[in-house]
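Colleague: sequence first, predicted model second:
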Amino acid sequence: MDFEVVRNVIAETLGCDLEDVKPEASLADDLGADSLASVELTMALEEATGISIGDDALPGMKTVADIMNYLNAHKE
């Protein structure tokens, strides 16, 4: 999965600065994602990548790296 694509989706959806979206960045603490923003981010990522993200996977995604790991593990 292309990090730049995911990075752009995260920055656009969460309204944060692109340079703040790093693998180690916490979605909640560093990028300001609340529960609603997390759901919106999930939908935006699914649309951009074509990869379905299960509702049970969302709570485990705390960092940008967690998202990348999930997407890479579930790509076709």
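Modeller: Structure received.
Colleague: counting residues, which helix of this structure comes out longest?
Modeller: Ranked by residue count, the top helix of the chain under DSSP state H comes out as helix 35-49.
Colleague: show me what contacts the nearest residue to Leu45 once chain neighbours are set aside?
Modeller: Spatial nearest neighbour of Leu45, excluding adjacent residues (Cβ to Cβ, 6 or more residues apart in numbering): Val9 at 5.6 Å. The C-beta positions use only the backbone N, C-alpha and C, and glycine is treated the same way. Contact partners of Val9, counting by Cβ atoms under 8 Å, 6 or more residues apart in numbering, are Leu41, Ala44, Leu45, Ala48.
Colleague: could I get those as a markdown table with neighbour count?
Modeller: Shown next, in a markdown table, are the contacts of Val9 (neighbours: other Cβ atoms under 10 Å):
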| residue | neighbour count |
| --- | --- |
| Leu41 | 22 |
| Ala44 | 17 |
| Leu45 | 23 |
| Ala48 | 18 |
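Colleague: from those, pick the one nearest His74.
Modeller: Leu45 (11.0 Å; Cβ to Cβ).
Colleague: go ahead and confirm that closest one touches Asn8.
Modeller: No - using Cβ atoms under 8 Å, Leu45 is not in contact with Asn8, being 10.8 Å away.
Colleague: in three-state terms, how would the residue nearest the centre of the chain be classified?
Modeller: Most central in the chain under Cα atoms, centre = their mean is Ile67, positioned 5.0 Å from the mean C-alpha point. Under DSSP: H, G, I helix; E, B strand; the rest coil, Ile67 falls in the helix class.
Colleague: check Ile51 too.
Modeller: Quick answer, by three-state DSSP: Ile51 is coil.
Colleague: and it, what does it touch?
Modeller: Met1, Leu45, Leu71, His74, Lys75.
Colleague: the third one: what's it in contact with?
Modeller: It refers to Leu71. Leu71 neighbours (Cβ under 8 Å, 6+ apart): Met1, Val6, Leu45, Thr49, Ile51.
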